[in-house]
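Colleague: Let's see this in three dimensions:
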Amino acid sequence: MKYKPHDYQNYASEFIIKNPYCGLILDMGLGKTVITLSALWELILDYFTVGRVLVIAPKRVAEDTWSREFMKWDHLAGLKISKVLGTKQQREDALKAEADIFIINRENVAWLVENHKWDFDTVVIDEISSFKSNKAQRFKALKKVRPQIKRMIGLTGTPSPNSLIDLWPQMYLLDMGQRLGRYITGYRERFFVPDKRNKEIIYSYKLRPGAEQKIYSLISDICISMKACDYLQMPDRIDTQVEVTMSDKEQKFYDQLENDMVLTVGEDELDAVNAAALSNKLSQMANGAVYDENKKVIPIHERKLDALEDLIEAANGKPVLVAYWFKHDKDRIKQRFDVREIDTAKDIADWNEGKIPVALIHPASAGHGLNLQDGGSTIIWFGLTWSLELYQQLNARLWRQGQQNTVVVQHIIAKGTVDEDVMKALERKDAGQSALIDAVRARIGGRENESRRSA
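Modeller: Just a heads-up that it's a prediction; the model follows:
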């Protein structure tokens with residue numbers, strides 16, 4: 001296919017070429033992959049300033065998206081890619097291939113650094129937001145070889161969806177601490193103060209006055225940000241909520257756990273040890289089942305399954321993408337419906353060809369980078385997530401450039417449960433650990449949320 005870049009795509013490619021290390025904060029659907037490949041083509045085959053390129057991406061994106069985009073565009077002819085995936089032997093063989101661009105999944109970054117003599121002068125991190133923890137092995141491994149890398153390109157749509165604290169590790173990999181400091185402790189002390197805490201445990205930090213703009217100013221010379229709504233004609237989108245109501249008995253079980261943090265169901269006993277554990281248990285119960293301490297699944301209700309059945313029937317054969325969160329959600333959905341999980345490149349291809357009427361997908365495994373807009377335009381959230389990043393990224397698999405239909409995002413909400421708190425936090429773009437703690441802390445020990453109970 002002939003590449004006819006938009007002006008913003010030309011601008012972004014030129015930005016990569018002109019800046020040895022840079023961050024592209026490009027909204028979903030703006031074409032981060034083809035922008036980057038176009039820049040790499042020039043750097044390798046025109047300017048001759050780049051030799052071996054390593055692309056680090058989420059597993060399914062590494063398996064599918066980069067190679068598919070590479071094969072799609074005529075102007076990328078001349079480049080050779082090698083996918084460093086699979087078994088240890090397959091990865092080692094792929095590293096020996098005659099290629100310009102080597103693609104690896106982020107889980108194998110530590111293995112690569114420890115077992116391969118570093119010979120990559122350029123690194124592209126697709127979804128650099130997955131390097132937001134300075135304690136993760138992938139960050140530590142890449143930090144070790146960062147001085148040997150001449151060009152570093154970070155791609156993401158949401159660099160700090162929960163807190164600007166998340167920005168430091170990502171920026172460090174770009175400039176080795178030139179802008180935000182060499183150590184995260186100094187970054188926190190300079191720009192943040194403790195916010196929510198329990199004695200010595202700090203759950204979150206809040207920005208000092210004026211710190212947000214200062215941070216943005218410091219990184220503005222190496223980062224560009226673009227929103228899809230400013231550059232693309234996005235498809236229409238409709239968000240709806242489908243409420244389900246538990247029976248009095250089911251609600252009583254839920255309320256008992258919420259108030260006492262302990263629940264007995266038959267011979268099984270559930271115990272939530274802290275606010276985060278309580279939220280997790282309540283979310284499971286809202287979905288219809290809950291794990292006990294031995295990972296045994298205790299069924300509570302089938303209200304969401306009934307609602308899902310109605311929504312699938314109403315789709316009347318139109319493909320739907322069902323997002324689940326807990327494994328028992330997936331298992332119960334599979335028991336009741338004829339569904340197929342989006343897990344492999346073949347699954348992705350079949351979905352986009354309209355061969356899968358009802359598909360299951362987990363936000364954490366398929367939220368980034370996958371193009372699924374050709375296969376359908378309806379997402380049903382069976383179970384919600386506190387992660388704003390995963391929520392936005394999964395919706396963007398269908399709500400993106402190239403989508404030919406109005407996108408419908410449906411949320412199945414259990415009334416009188418933590419589902420309502422999660423939905424409000426997502427709508428406020430305030431989801432994450434801090435919002436989770438806020439949502440449950442007022443109800444631990446029997447103190448109820450009056451506004452919710454009065455509904």
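Colleague: what residue ranges in the stretch 1-150 of the chain are flagged as low confidence?
Modeller: Across the stretch 1-150 of the chain, the ranges flagged by pLDDT under 70 are 28-29.
Colleague: Helices of that one, start to end?
Modeller: 7-18, 32-45, 59-60, 66-72, 88-95, 109-115, 137-145 (DSSP state H, counting those that start in this stretch).
Colleague: just checking, what packs against the helix or strand hosting Lys281?
Modeller: Secondary structure from DSSP states H and E places Lys281 in helix 275-287. On a contact count with 3 or more Cβ pairs under 8 Å, 6 or more residues apart in numbering; DSSP states H and E, helix 275-287 meets helix 248-260, strand 289-291, helix 327-336, helix 418-427, helix 433-441. Backbone N, C-alpha and C define where each C-beta goes, glycine included.
Colleague: and these as CSV, adding mean pLDDT, mean neighbour count and distance to Ile104?
Modeller: Formatted as CSV, the helices and strands packed on helix 275-287 follow (pLDDT from 0 to 100; neighbours: other Cβ atoms under 10 Å; distance: least, Cβ to Cβ, whole Å):
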stretch, mean pLDDT, mean neighbour count, distance to Ile104
helix 248-260, 83, 16, 43
strand 289-291, 89, 20, 34
helix 327-336, 96, 16, 27
helix 418-427, 90, 20, 32
helix 433-441, 50, 19, 29
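Colleague: Let's have the ones you listed in JSON lines, adding distance to Ala359.
Modeller: JSON lines is the format used below for the helices and strands packed on helix 275-287 (distance: least, Cβ to Cβ, whole Å):
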{"stretch": "helix 248-260", "distance to Ala359": "29"}
{"stretch": "strand 289-291", "distance to Ala359": "21"}
{"stretch": "helix 327-336", "distance to Ala359": "11"}
{"stretch": "helix 418-427", "distance to Ala359": "22"}
{"stretch": "helix 433-441", "distance to Ala359": "28"}
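Colleague: nearest to Gly317, of the ones you listed?
Modeller: Gly317 lies closest to helix 327-336 among the helices and strands packed on helix 275-287, at 17.9 Å (Cβ to Cβ).
Colleague: Identify all contacting residues around whichever helix or strand comes after the closest one.
Modeller: On the C-terminal side of helix 327-336, the nearest following helix or strand under DSSP H and E is strand 340-341. Taking contacts as Cβ atoms under 8 Å, 6 or more residues apart in numbering, the residues outside strand 340-341 that touch it are 330, 347, 350, 356, 358-361.
Colleague: Of these - the most surrounded one?
Modeller: Top of the contacts of strand 340-341 by neighbour number is Ala359, holding 25 neighbours under the definition other Cβ atoms under 10 Å.
Colleague: what about the helix or strand harbouring it, average pLDDT?
Modeller: Assigned by DSSP H and E, Ala359 belongs to strand 358-361. Average pLDDT, strand 358-361: 95.
Colleague: Show residues contacting it.
Modeller: 312, 319-324, 330, 333-334, 337-342, 347, 351, 375-376, 394, 397.
Colleague: Direction included, what does that strand pair against?
Modeller: Sheet pairing of strand 358-361 (DSSP bridges) gives strand 320-323 (parallel), strand 340-341 (parallel).
Colleague: correct me, but Leu79 touches Leu43?
Modeller: No: between Leu79 and Leu43 there is no contact under Cβ atoms under 8 Å: 10.6 Å.
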